[in-house]
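In: pasting the sequence and the predicted coordinates here, then a few questions.
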Amino acid sequence: MRPQFQQTAPDRLVIREGGGCLALFGLPFAIAGIFMLLIGVGIVPMQNAEEVPRWSWPLIVLMGLVFVAAGSSLTFGRSWTILDRSAGSILQQWGLLIPMRHTTLSLSSYAAVGISFKAGDSDSADSYAVNLRSRDASAPLTLVSLTDYAAASERAKELAGFLHLPLEDATSTHPQVYRADQLDEPLQARLRSAATEYMSVPRPAQLRSQVGSANGALQITIPGAGFRATMLFPFIIPLGFLTYVAPSLLAFFQQTETPATVSVIFLGFVLIFFVALPTIGGLTAIIGSIRGYTQVTVTPVELVIARRGALRTQTTRIPSAEVLGLDYGGSLLPPSVALASGTPAPWWLRALSGLVTSKGITVKSRGGLVTFGAGLPDDEVHYLWAIISSTHANTGA
């Protein structure tokens, strides 16, 4: 359930979290925990109780307590954050349906509202934290964390407007800071006011991308990465199975006189999942890198990103009015890296820099973040960002 923002008074904003879907999700855990506790203390009898080891009963009670605690926390857990401008305070409360403990902070300790990005993993999705940035070097105070960039941006904008603080968007390489009086400005107006940032970016001497115009719109075609020796790595597993594993399996089946039907089914399973699928994936990646490309079209009404792969083209359309920001990200070690003293970097550091690719251009919109152009040289990424920003600033959207 998303946090609820409610302005209960002209100078007071309340952020509530908990309940909703979390309560429904936690209720089965709480019920299961209560049932385990009743079994553990003997209130609910078990038919084979005499067969259960004595040491298992304390474990059942302990597991019941864990399930009850987790389920009750999800079902009844609530948190409140009260921002009071008149009192200059931040009151944080936690409890089960009602506040049970709290802490109070000073609003004057914070200088800006921020949005930060946290990459997800196999167990969690990407998230965007809306926080308050302290005036000193201490960690920011996270108020809410959302998986939707557009929702996080709107909440951060609402908080910045309420607190009359600047907004710092640090979800990409270059943090963007907006003053309190700029929060309602469209992106085009902000780009026009910062024209010097992109008007002076030179065109690289060697440009891989094709830049032109079609029907009055800017059109950029970014070629694929091309063939690289590392693309052959996916074929190592199929080759190993065909060379070593498959003959060994055939010999094993013959020695053990395994029925032919079982041998064919098992070997077919192995060939499909360890030979056919990796081979198809590797060939698709190679064809996509050689034939694929990304075409970016900037029109007065939308930004269109078409990615051509090995088999199909994936198109993303972003209305100009929904574009919230544009940013670019270079590699951590650009090819021209030099030491702090100004002397050229050693050969091994320059070679290492060639392995680190750029992050490309990030389009921030109400639909989320879209990135393209990753792997291009840093100066080309910077140039493409500059001409897209210049074109978007003059669309008049």
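Out: Thanks, I have the structure now.
In: show me what the strand or helix carrying Leu37 is packed up against.
Out: For Leu37, the enclosing helix or strand under DSSP states H and E is helix 21-40. With contacts taken as 3 or more C-beta pairs under 8 Å, 6 or more residues apart in numbering; DSSP states H and E, helix 21-40 sits against helix 56-76. Where C-beta positions appear, they are placed from N, C-alpha and C, glycine not excepted.
In: I would like the residues contacting the next helix-or-strand element following the helix it packs on, please.
Out: Going down the chain from helix 56-76, the next helix or strand is strand 77-84, by DSSP H and E. By C-beta atoms under 8 Å, 6 or more residues apart in numbering, the surrounding residues in contact with strand 77-84 are 11-19, 22, 26, 89-99, 107, 143, 159, 162-163.
In: check which residues of the helix holding Leu37 are buried.
Out: 22-23, 26, 29-30, 32-34, 36-37, 39-40 (16 or more other C-beta atoms under 10 Å).
In: of those residues, closest to Leu132?
Out: Leu22 (24.1 Å; C-beta to C-beta).
In: so Val363 belongs to a helix, correct?
Out: No: Val363: not assigned to a helix; according to DSSP: H, G, I helix; E, B strand; the rest coil it is strand.
In: was I right to think it contacts Ile318?
Out: Yes: the pair Val363 / Ile318 is scored as a contact, 6.3 Å apart, by C-beta atoms under 8 Å.
In: take stretch 141-159, keep the C-alpha atoms, and write them as PDB.
Out: The C-alpha trace of stretch 141-159 is given here as PDB (Å, rounded to 0.1, in the frame of the first residue of the first chain):
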ATOM      1  CA  LEU A 141      16.100  11.000   6.700                       C
ATOM      2  CA  THR A 142      14.000   8.700   4.500                       C
ATOM      3  CA  LEU A 143      10.300   9.500   4.700                       C
ATOM      4  CA  VAL A 144       8.900   7.100   2.100                       C
ATOM      5  CA  SER A 145      10.200   4.600  -0.400                       C
ATOM      6  CA  LEU A 146       8.300   3.800  -3.600                       C
ATOM      7  CA  THR A 147       8.900   1.600  -6.600                       C
ATOM      8  CA  ASP A 148       7.400   4.100  -9.100                       C
ATOM      9  CA  TYR A 149       9.600   7.000 -10.100                       C
ATOM     10  CA  ALA A 150       6.700   9.200 -11.100                       C
ATOM     11  CA  ALA A 151       4.900   8.700  -7.800                       C
ATOM     12  CA  ALA A 152       8.200   9.400  -5.900                       C
ATOM     13  CA  SER A 153       8.800  12.600  -7.900                       C
ATOM     14  CA  GLU A 154       5.300  13.800  -7.300                       C
ATOM     15  CA  ARG A 155       5.600  13.200  -3.500                       C
ATOM     16  CA  ALA A 156       9.000  14.800  -3.400                       C
ATOM     17  CA  LYS A 157       7.600  17.900  -5.200                       C
ATOM     18  CA  GLU A 158       4.700  18.000  -2.800                       C
ATOM     19  CA  LEU A 159       7.000  17.900   0.200                       C
END
